[in-house]
Structure formats: structure tokens, C-alpha cells
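My questions are about this predicted structure, shown below with the sequence.
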Amino acid sequence: MISLSVLYRNGLWISAVVFVISAASLGFFILKVIRLAKQAQIISVQLLEQQDVEFAAAGRAILSIEGPMFTNRFANLRYELSTRDGTRVVGRRNWLPTRTSGVSKVRLGIESYEIPRPGRYTLRIQGLGTEWTADADHRIVFTKPYLARSIACVVGIVLAGALLIGSIVLFFLRLSGAGGSA
């Protein structure tokens with residue numbers, strides 16, 4: 001087992017290597033979580049009272065709302081997804097909503113649907129009101145589930161960040177000669 005005196009004597013080299021590895025890991029995990037959010041997107045449509053959406057594959061889809069930070073446009077809206085023949089696809093509320101935010105926009109996954117087969121579906125949104133006009137800032141986005149993978153990336157970001165900070169502290173401790181000679 002490596003003793004603390006070996007770590008202290010070689011602290012400058014060890015900290016430099018750990019710094020490079022942890023900085024590269026931090027960059028990798030940050031880019032990975034951004035890519036996950038982009039690759040998970042299936043459909044993005046305007047916020048309209050009724051419209052057709054087409055799913056290329058069956059499976060689970062998360063209905064997300066996307067808009068400017070602090071918007072209240074999505075308050076008290078209800079969403080309904082149905083097949084072309086009128087059969088309702090049952091959606092369930094997400095207990096742990098996926099939240100993705102950037103500088104000016106935020107996306108929040110609120111409902112989960114199990115799409116039975118590929119094809120056209122009708123999306124109805126109740127509660128928009130007659131005064132609502134569609135704009136490019138407020139959207140409905142369907143995504144594939146990616147919560148577990150994004151949590152793994154966040155854990156990687158935290159660990160890489162801790163190693164990065166630790167390597168900087170070790171570097172400056174060794175550089176300053178603090179801790180005495182071993």
C-alpha cells in the first residue's frame with residue numbers, strides 16, 4: 001500500500017497527472033450529459049391546442065414542456081395523446097421529472113407515455129385558452145427516457161470535480177512545502 005510519505009514526496013507529479021486525468025474526465029462527462037439530452041429528443045412541436053405528431057418507433061416517450069426561464073405558460077395545462085382511431089394513450093405523471101436547462105430555456109419532462117406502435121398520433125392540450133397564439137419559445141418535446149444515464153454522468157462530474165480540486169490542493173501544498181518533510 002502506498003504510504004502518505006510517498007504521496008508527499010511525489011506530490012507534484014501525482015497532482016499533475018491526476019489534474020490532467022480529472023480535467024479530461026470532467027470535460028467528457030459534461031459533454032456526454034449535453035449529448036444525451038440532444039440525442040434523446042424524438043419530436044419537437046409548437047404549443048398548439050391540437051396537432052398530429054408522428055412516432056417512428058414504439059416504446060416509452062416522455063412528454064416535456066420547453067420554454068423560457070420562469071414562464072408560467074404551461075400552468076394548469078392537461079395533455080392527451082390518442083391514436084388516429086381515437087384510442088387514448090394513457091400517460092402517467094413523472095415522479096422524478098427530468099429537468100434540462102440552458103442559459104435562457106428550460107425543459108421539464110412531466111408525463112410518460114407507452115407508444116404502442118409507430119405511426120401518427122393526435123396531441124391535444126387543454127387549458128391554453130382562446131387568447132393563446134403559438135410562438136417559437138414555447139414547445140412540446142417528446143424524448144426517450146435518459147434519466148438514469150444522466151444521473152450516472154452527474155456522478156461522474158462530481159467525482160471528476162472532486163479529484164480536480166484535490167489535485168490542485170495537493171499541488172499547492174507540495175509546492176509551498178506545507179506539511180513538513182516526510
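It's in. Numbering: from 1, shown residues only.

Bridged to the residue nearest the centre of the chain, which residues?
For the chain, the residue nearest the mean C-alpha position is T100 (4.6 Å; Cα atoms, centre = their mean). With DSSP bridges as the criterion, T100 is bridged to R107.

got a list of what it touches?
Residues in contact with T100 (Cβ atoms under 8 Å, 6 or more residues apart in numbering) are 37, 106-108. The C-beta positions use only the backbone N, C-alpha and C, and glycine is treated the same way.

Out of the helices and strands in the protein, which is least certain?
helix 4-9 (a mean of 69; mean pLDDT, DSSP states H and E).

Give the next helix or strand downstream of it.
On the C-terminal side of helix 4-9, the nearest following helix or strand under DSSP states H and E is helix 11-39.

and that following helix, how far out from the chain's middle?
The chain centroid and the centroid of helix 11-39 are separated by 18 Å, computed with Cα atoms, centre = their mean, to the nearest Å.

And the residue nearest to the centre of the chain, how close does it get to S82?
Separation of T100 from S82 (Cβ to Cβ, to the nearest Å): 27 Å.

For stretch 136-152, which residues meet the burial criterion?
Under the neighbour-count criterion of 16 or more other Cβ atoms under 10 Å, stretch 136-152 has 138-143, 145-146, 150 buried.
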